[in-house]
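J.: Please find the sequence and the predicted model below.
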Amino acid sequence: MSLEESVKDLKNALSILTDRLSSIEDKIKDDGSGEDDLTKKLKDMEKLIKRNTKYADLLDVECNMPNMRGRLPPKFTTADLPKFKGTEHPAHHLRSFVQAMALKEVDASVFPAIFPSTLEDVARSWFFSLDPTRVSNWEDIKKEFLTQYSSNADLLITRRDLEVTKQTEKEGFTDFLARWRNKAAKMIERPPEAEQVDIFVKNLREPYKSHLRYAGIESFARLNKIGIQIEDDVVESTAKNQTKVCFKDKKNFASTSKGGDIVNTVEQKPRREFTDLGMSLSRALDRLIKEGYIKPIGPTPDPANKSPKWRENEYCKYHRGKGHDTDYCFTLRNAIQNLIDNRTIPLPKAARKPNNNKNPLGDVKPSHR
């Protein structure tokens, strides 16, 4: 006798025994002649039967698993198959699954065994709760799946969804743009790009909205570039305002002795003034390196936690790393100013008329940035 037949017989026997025990228990209750001890034993036996029934069900599931040996291509894996979380369009998921199977050259006969591995969370729980007879072949699985998640097809993103997706109070420009475009990508028929940009700008908060609304922007590439610049200014302005408030509180504070004499006050450190070099920082760096006055630092690796001002596509020759352009390197500007303040190099031509034979920065005409 095969394992499958044995499991079937065991389940039938347990079912019959459970029915008989229930009948005996009902008869004892009706007659009123049963003893508590006997009733307890019957209940214990019933619990034991139920546990064995669950075990038999597990064996039954194992017996019904198809033999996959020799039916899958070498190095086959389900890790890269499309996943369904319960909110996507069911027909789209089925199409993605079939296309993936075709690319992997998997025979359709094993689709029923592989398909559950593409379901996640609630969707997987739903599938395994079905009676195996309802999903015994691929056609039945498709029918059940499409029926269960048919309502998802009515939840597609519309133009109205884009129009009511607003930037939240604490949401930055880049975060909102990513969220809005992710929603727009789910539309079947999207408006033209210029029209999408117009909808997006109307949903921005200030100061982004007032700066971008009349800029005549028609592409997301340009919108993103300008929006990031505004976002950087907002971050910098917020930081400066917080510093001013903090300093104002400290400036107004003074510790006093018992006699009322002022003991200590906090004064603001004067902001450093930088000498006009008459050229870009990158050109000044090249000249100073050539003359041996300065050496690049680094190489500087990418930071683990990148600030909003960190730029992937900009490179600093002084730091020898990404994140900002050489011409906007604050560290380099301070290093050159130190050379000037220490009189290691004379004042550049833009600051005073120098001796060109001695000044490495003096023979270059000022550049306008």
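T.: Received it, and whenever you're ready, just let me know what you need.
J.: okay, CA-based contacts and neighbour counts for the rest of this
T.: Noted.
J.: need the helices for the stretch 151-300 of the chain, in chain order.
T.: 159-163, 173-184, 193-202, 208-212, 220-251, 281-291 (DSSP state H, counting those that start in this stretch).
J.: Out of those helices, which gets nearest to Pro73?
T.: Ranking these by their distance to Pro73 (criterion: Cα to Cα) puts helix 173-184 first, at 35.1 Å.
J.: what about the residue nearest to Pro299 when sequence neighbours are not counted, neighbour count?
T.: In space, and not counting its chain neighbours, Pro299 is closest to Arg320: 4.7 Å by Cα to Cα, 6 or more residues apart in numbering. If you count neighbours by other Cα atoms under 10 Å, Arg320 ends up with 15.
J.: Pull out the buried positions in stretch 211-223.
T.: By 16 or more other Cα atoms under 10 Å, the buried positions in stretch 211-223 come out as 212, 217, 220, 223.
J.: between those, which is nearest Ala184?
T.: So of the buried residues of stretch 211-223, ranked by how close each gets to Ala184 (Cα to Cα), first place is Phe220, at 12.4 Å.
J.: if I look at the closest residue to that closest one other than its chain neighbours, how far off is Val234?
T.: Setting aside the residues directly before and after it, Phe220 is nearest to Val197 in space (Cα to Cα, 6+ apart), at 6.5 Å. Computed as Cα to Cα, to the nearest Å, the Val197 to Val234 distance reads 21 Å.
J.: who has more neighbours, these two?
T.: Val197 (18 against 15).
J.: Report whether the expected contact of the more buried one with Gly216 is present.
T.: No - the criterion here is Cα atoms under 8 Å, and Val197 misses it with Gly216 at 9.9 Å.
J.: what residues are shared contacts of these two?
T.: Listed contacts common to Val197 and Gly216 are nil; contacts here mean Cα atoms under 8 Å, 6 or more residues apart in numbering.
J.: and Gly172, what does it touch?
T.: Glu231.
J.: repeat for Asn137
T.: Contacts of Asn137 (Cα under 8 Å, 6+ apart): Pro112.
J.: ok, now which ones touch the residue nearest to Phe220?
T.: By Cα under 8 Å, 6+ apart, the neighbours of Val197 are 217-220, 223.
J.: closest to Pro207 among the residues you listed?
T.: Nearest to Pro207 among the contacts of Val197, with distances taken as Cα to Cα, is Leu223, at 14.3 Å.
J.: The closest one and Ala215 touch, don't they?
T.: No - assessed by Cα under 8 Å, Leu223 is found out of contact with Ala215, at 9.4 Å.
J.: which neighbours do these two share?
T.: Residues touching both Leu223 and Ala215 (Cα under 8 Å, 6+ apart): none.
J.: number of nearby residues for Gln167?
T.: As a burial measure, Gln167 scores 21 neighbours (other Cα under 10 Å).
J.: actually Asn334, not the one I wrote
T.: 14.
J.: Nearest residue to it in space, please, no chain neighbours.
T.: Phe274 (8.0 Å).
J.: so what's the closest residue to Lys309 other than its chain neighbours scoring on pLDDT?
T.: Spatial nearest neighbour of Lys309, chain neighbours left out: Asp232 (6.3 Å); criterion: Cα to Cα, 6+ apart. At Asp232, the model reports a pLDDT of 86.
J.: Tell me the spacing between Asp232 and Arg311.
T.: Look at Asp232 and Arg311: by Cα to Cα, they are 11 Å apart.
J.: likewise Pro73?
T.: Taken as Cα to Cα, the span from Pro73 to Arg311 is 44 Å.
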